[in-house]
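**Student:** after the sequence you'll find the predicted model.
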Amino acid sequence: MTRPSDPGASGPQLIAYADRLGGNVAALGELLDGPFAGVFDGVHLLPFYDPYDGADAGFDPRDHTSVDARLGTWDDVRGLSQGRAVMADVIVNHVSAESAQFADVRAHGDASPFARMFLTMSSVFPDGATEDELARIYRPRPGLPFTAMTLGGRRRLVWTTFTADQVDIDIREPAAWDYIASVIDALTSAGVTMLRLDAVGYAGKEAGTDCFMTPSSYALVDRISQYAHARGAQVLVEVHGHYRQQVEIARTVDLVYDFALPPLVLHALTAADLAPLDAWLDARPSNVVTVLDTHDGIGVIDVGASEAEGPGLLAPEHIDALVERIHDNSGGTSRLATGAAASNVDLYQVNCTFYDALGRDDRRYLLARLVQLFVPGIPQVYYVGLLAGANDMALLEATGVGRDVNRHHYTAQEVRTATARPVVAAQVAAIRLRNEHPAFRGAFSRSTDGTRAELRWVAGEHRVELSFDARDATFEVRTWAGEASEVVLSHDALG
């Protein structure tokens, strides 16, 4: 395995779909250079490939090496990278069932030059599989990971981890690696310096395992990392799982997500219990990207127990209570978007905006963001979260896709209206502080006493500190330059 490269000092990043915030890649850049100038150090540009609006909001690319013309060109992506870091997704587990490669396999079966690039059940289980072997396969969604399709006139069970529109590739095959390398080349040539490996945990299927984060998966991450490093890019691994698994993965890669942080912050601010969050801050790796919400749901598996790894960061009864509080706080809308209530379901996530998960309580919401900004790591802020968005029930009703409650399409007027709200303005000010204050390039420390906590950064004469009480969500952000101090943000900012 390659050792992690130093992520260095990196400021906050925005996570956004180009079509849902701005309208296209160039317009998103105009927002970052205009109303949000100086706020973000980078942007995670969610899938902009052809097509960006497929069955899974761009995570099922027909052509992973081309920009959807409706969003722009590679020159637009290159322009976005001027003066900021750009992260983009490398979808390593699957491609669209409508891709040119798979279309050729559909037509010609084993005679296609791409036949071995795609996984069928027999690719992993050439002698067949027992009931125990099939039941052991780790699944993000209900049912078995196979779809019956006709390939060259022969009926086959094609491996489809997520949906029938997303066909898994066989990472053992040279054609699959050539495909992945071509994607990385296209991205890095356009100025992308951070590669997010989407669903990489599912990519390494091995008989006799649960087919999740197998040795093959680790080997693929290592191979991609070496290839990316040679092209000046870092790698972020996206894996939901037991916290010990995240700690282990972090030792061998550039960056991992701190997916445990969102449910622990929600628990802390809704149950007035800082102990689980405090314990995690002692155990978590340092090379992390922090989030509260993303284009996916709020993970609960990341704080739960595992049969193999043992107890989780939250007890089962606390997780159950947290999920119910989210449903209650959202007025039941998250329940309609989660699990069997909606298609594209995830067994380990609650589909809800973070703002609704906290009952649209501006004070608690701003405090949650401050905690994210103050804990070590590279903070990423999702565009709906940035604008304190509520669950989009109209979009959910239109698509039936649970995650769409947190994927609103913002008009230019909606952005202007949202940024005028006190909670959004205060959030932008806090992100700007995180991006610009020199203390955040220093050393982090913290102290906890019951429901109260202090999170602080110190660099020379510069100091910044967040003090808060989880019971009533009162908080204060104070800065120091030598002996002079100033309160720059508090709960009073929200009236």
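**Tutor:** Ah, there it is.

**Student:** V39: what secondary structure?
**Tutor:** coil (DSSP: H, G, I helix; E, B strand; the rest coil).

**Student:** typed the wrong thing, it's G11
**Tutor:** G11 - assigned by three-state DSSP - is coil.

**Student:** distance of it from G377?
**Tutor:** Distance, G11 to G377, using C-beta to C-beta, to the nearest Å: 11 Å. The C-beta positions use only the backbone N, C-alpha and C, and glycine is treated the same way.

**Student:** who's more crowded, the two?
**Tutor:** Counting neighbours by other C-beta atoms under 10 Å for G11 and for G377 shows that G377 has the greater number, 24 against 20.

**Student:** the more buried one contacts L281, doesn't it?
**Tutor:** No - with contact defined as C-beta atoms under 8 Å, G377 does not reach L281; the gap is 10.7 Å.

**Student:** sorry, back to before: mutual contacts of G11 and G377, please.
**Tutor:** Common contact partners of G11 and G377 (C-beta atoms under 8 Å, 6 or more residues apart in numbering): none.

**Student:** quick check: which ranges of this protein have low pLDDT?
**Tutor:** 1-9, 340-347 (pLDDT under 70).

**Student:** give me phi/psi at the spatially most central residue of it?
**Tutor:** In the chain, the residue lying closest to the centroid (C-alpha atoms, centre = their mean) is T294, at 5.1 Å. Here is the backbone geometry of T294 (degrees, to the nearest 10): phi -140, psi -170.

**Student:** going forward, the N-terminal residue is numbered 764.
**Tutor:** Okay, residue one is now 764; in that scheme the one you just asked about reads as T1057.

**Student:** which stretch of helix or strand covers A870?
**Tutor:** helix 863-871 (DSSP states H and E).

**Student:** which positions within that helix qualify as buried?
**Tutor:** Applying a neighbour-count criterion of 16 or more other C-beta atoms under 10 Å, one finds Q864, F865, D867, V868, R869 buried in helix 863-871.

**Student:** any idea which helix or strand comes after it?
**Tutor:** Downstream of helix 863-871 (by DSSP H and E), the next one is helix 884-887.

**Student:** now the element after that following helix, going C-ward?
**Tutor:** helix 894-899.

**Student:** hmm, back to that, which one among the buried residues of helix 863-871 gets closest to P903?
**Tutor:** Closest approach between the buried residues of helix 863-871 and P903, by C-beta to C-beta: F865, at 21.1 Å.

**Student:** wait, that closest one touches L882, no?
**Tutor:** No - F865 is beyond contact range of L882, at 11.2 Å (criterion: C-beta under 8 Å).

**Student:** joint contacts of the two?
**Tutor:** V930.

**Student:** list the buried ones in the host helix or strand of Y1020?
**Tutor:** Using DSSP H and E, Y1020 maps to strand 1018-1021. For strand 1018-1021, burial by neighbour count (16+ other C-beta under 10 Å) applies to L1018, V1019, Y1020, D1021.

**Student:** distance between it and the chain's centre?
**Tutor:** 9 Å (C-alpha atoms, centre = their mean, to the nearest Å).

**Student:** which SSE is immediately downstream of that strand?
**Tutor:** helix 1024-1034.

**Student:** residues making contact with that following helix?
**Tutor:** Contacts for helix 1024-1034 (C-beta under 8 Å, 6+ apart): 1036-1037, 1039-1040, 1043, 1053-1056, 1061-1063, 1065-1066, 1076-1077, 1081-1082, 1084-1085, 1088-1089, 1092, 1117, 1120-1121, 1127, 1130-1131, 1134-1135, 1138, 1233, 1236.

**Student:** mind checking which of those residues land in helices?
**Tutor:** Of the contacts of helix 1024-1034, the ones assigned to helices by DSSP state H are 1039-1040, 1043, 1081-1082, 1084-1085, 1088-1089, 1092, 1117, 1120, 1127, 1130-1131, 1134-1135.

**Student:** burial of E969, as a residue count?
**Tutor:** Neighbour tally, E969, other C-beta under 10 Å: 14.

**Student:** how much space between it and A911?
**Tutor:** Separation of E969 from A911 (C-beta to C-beta): 23 Å.

**Student:** just the element for T910, please.
**Tutor:** Using DSSP H and E, T910 falls in strand 909-914.

**Student:** buried set for the next helix or strand after that strand?
**Tutor:** Sequence order places strand 917-922 as the next helix or strand after strand 909-914, per DSSP H and E. Neighbour-count burial for strand 917-922, counted by 16+ other C-beta under 10 Å, picks out R919, L920, V921, W922.

**Student:** and for stretch 1071-1079?
**Tutor:** The neighbour-count check on stretch 1071-1079 (16+ other C-beta under 10 Å) flags G1075, L1076, L1077 as buried.

**Student:** how close does P937 sit to G915?
**Tutor:** The value you get for P937 to G915, if C-beta to C-beta is used, is 21 Å.

**Student:** ok, these two, which is more surrounded?
**Tutor:** G915 (15 against 9).

**Student:** hang on, the more buried one packs against H871?
**Tutor:** Yes - G915 is within contact range of H871, at 5.1 Å (criterion: C-beta under 8 Å).

**Student:** give me the neighbour count for Q989.
**Tutor:** 12.

**Student:** wait, a strand at A790?
**Tutor:** No - A790 is assigned helix when assessed by three-state DSSP, not a strand.

**Student:** so the nearest residue to it once chain neighbours are set aside is in which element?
**Tutor:** In space, and not counting its chain neighbours, A790 is closest to A781: 7.5 Å by C-beta to C-beta, 6 or more residues apart in numbering. For A781, there is no enclosing helix or strand under DSSP H and E.

**Student:** on the three-state scheme, P1142 is what?
**Tutor:** Going by three-state DSSP: P1142 is strand.

**Student:** so what's V1016 up against?
**Tutor:** P767, V984, S988, V998, L999, V1000, N1050.

**Student:** that one - that's part of a helix, no?
**Tutor:** No - counting by three-state DSSP, V1016 is not part of a helix but coil.

**Student:** give me the phi and psi for it.
**Tutor:** Dihedral angles for V1016 - degrees, to the nearest 10 - are phi -130, psi 170.

**Student:** give me the contacts around the strand holding T910.
**Tutor:** With C-beta under 8 Å, 6+ apart, strand 909-914 has contacts from 860, 868-869, 872-873, 878, 883-884, 918-923, 927.

**Student:** show the contacting residues for G1094.
**Tutor:** In this structure, G1094 makes contact with D1119, judged by C-beta under 8 Å, 6+ apart.
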